[in-house]
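> Provided below are the primary sequence and the corresponding predicted coordinates.
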Amino acid sequence: PMRLAWMLLGSVLWAQGPAGELRIDVRDASGAIVIAGGQLTGLETGLQRSFETDDRGSARIGQLPFGRYRLQVSREGFATAESVV
């Protein structure tokens with residue numbers, strides 16, 4: 001199966017308390033855009049958020065308490081990608 005790759009961009013939303021957001025861009029090994037789905041799970045909090053990328057392969061997950069998360073990204077025909085962020 002093909003592999004998924006992603007770029008993560010984090011930012012902090014100070015005005016609304018101690019929370020941040022995660023921005024994800026999903027591409028295949030050649031750099032082509034991949035529309036995929038995934039799950040973000042807080043390792044300390046157990047918070048779970050599902051997401052789908054848009055037609056540019058991008059997703060934004062906001063209002064996340066600070067901490068470590070397990071990120072899983074998948075699409076049929078590709079190996080599931082997983083990382084701790």
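Done, it's in. Numbers count the residues shown, from 1 in each chain.
> ok, the residue lying closest to Leu64 once chain neighbours are set aside - how many residues close by?
Computed as Cβ to Cβ, 6 or more residues apart in numbering, the closest residue to Leu64 that is not its neighbour in sequence is Gly20, at 5.4 Å. In short, each C-beta sits where N, CA and C put it, glycine included. Neighbouring residues of Gly20 were enumerated by other Cβ atoms under 10 Å; the total is 17.
> Val84 now?
9.
> Off-centre distance for whichever helix or strand Asp25 is part of?
Using DSSP states H and E, Asp25 sits within strand 19-28. On the basis of Cα atoms, centre = their mean, to the nearest Å, strand 19-28 sits 5 Å off its chain's mean C-alpha point.
> What is it packed up against?
strand 4-13, strand 58-65, strand 69-74 (3 or more Cβ pairs under 8 Å, 6 or more residues apart in numbering; DSSP states H and E).
> now do 10 Å
strand 4-13, strand 37-42, strand 48-52, strand 58-65, strand 69-74 (3 or more Cβ pairs under 10 Å, 6 or more residues apart in numbering; DSSP states H and E).
> now for these, which one comes closest to Arg27?
Checking the helices and strands packed on strand 19-28 against Arg27 by Cβ to Cβ gives strand 4-13 as the closest, at 5.3 Å.
> Rounded mean pLDDT for that closest one, please.
If you average the pLDDT over strand 4-13, you get 53.
> same question, stretch 61-80
Stretch 61-80 comes out with an average pLDDT of 93.
> coming back round to it: between strand 58-65 and the strand holding Asp25, find me the angle.
Following axes from the mean of the first three to the mean of the last three Cα atoms, to 10 degrees, one obtains 150 degrees for the angle between strand 19-28 and strand 58-65.
> nearest residue to Tyr51 other than its sequence neighbours?
For residue 51 the amino acid is Phe, not Tyr. In this structure, Phe51 finds its nearest non-sequential neighbour in Ala59, 4.5 Å apart by Cβ to Cβ, 6+ apart.
> which ones are touching that neighbour?
Listed by Cβ atoms under 10 Å, 6 or more residues apart in numbering, the contact set of Ala59 reads 6, 22-26, 35-38, 40, 49, 51-53, 73.
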